[in-house]
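[1] Predicted model, plus sequence, below.
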Amino acid sequence: MLETEFGIGAGIASLSVSAVVAGIALASLPFGMLADHWPVQRLILLGGLAVGACCVFVALTHTFAVLIVARFV
């Protein structure tokens, strides 16, 4: 679907999955340290709001580069 929508190859389209995995991997360390100092419920709420905002942004984007950045965030 990404290949058709954005006119890209399968290798480039796979970046959309890689961006999510890289974002989760890089965010684990700082958010782990934050969880030691802040209530976990607050972090879950903020994270959920950020994910929701990025999902809306991904759904509305028309360029593949912006889609990758939003999925990474």
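    Thanks, I have the structure now.

[2] Quick check: nearest residue in space to Phe64, chain neighbours excluded?
    Phe6 (4.3 Å; C-beta to C-beta, 6 or more residues apart in numbering). Placement of C-beta: from N, CA and C, glycine included.

[3] thinking that neighbour is in contact with Val66, fair?
    No: counting by C-beta atoms under 8 Å, Val66 is not a contact partner of Phe6; they are 10.6 Å apart.

[4] Around Ile12, count how many other residues there are.
    For Ile12, the neighbour count with other C-beta atoms under 10 Å is 14.

[5] still on that earlier bit, neighbour-wise, which of Phe6 and Val66 wins?
    A direct count of neighbours by other C-beta under 10 Å for Phe6 and Val66 places Phe6 higher, at 17 against 13.

[6] Dump the strand or helix carrying Ile24 to CSV, restricted to CA.
    According to DSSP states H and E, Ile24 maps onto helix 15-37. Extracted in CSV, the C-alpha atoms of helix 15-37 (Å, rounded to 0.1, in the frame of the first residue of the first chain):
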residue,chain,number,x,y,z
LEU,A,15,11.6,2.2,6.6
SER,A,16,8.2,2.9,8.0
VAL,A,17,8.6,-0.2,10.2
SER,A,18,12.2,0.4,11.0
ALA,A,19,11.4,3.9,12.1
VAL,A,20,9.0,2.7,14.7
VAL,A,21,11.4,0.1,16.1
ALA,A,22,14.3,2.6,16.2
GLY,A,23,12.1,5.1,18.0
ILE,A,24,11.0,2.6,20.6
ALA,A,25,14.6,1.4,21.1
LEU,A,26,16.0,4.9,21.6
ALA,A,27,13.2,6.1,23.8
SER,A,28,13.5,3.2,26.2
LEU,A,29,16.5,4.5,28.1
PRO,A,30,15.4,8.1,28.8
PHE,A,31,11.9,7.1,29.6
GLY,A,32,13.1,4.3,31.9
MET,A,33,15.1,6.9,33.8
LEU,A,34,12.1,9.3,33.9
ALA,A,35,9.9,6.5,35.2
ASP,A,36,12.2,6.3,38.3
HIS,A,37,11.5,10.0,39.1
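
[7] re the thing from before, quick one, phi/psi of the residue nearest to Phe64?
    The phi/psi pair for Phe6 (degrees, to the nearest 10) reads phi -110, psi 0.
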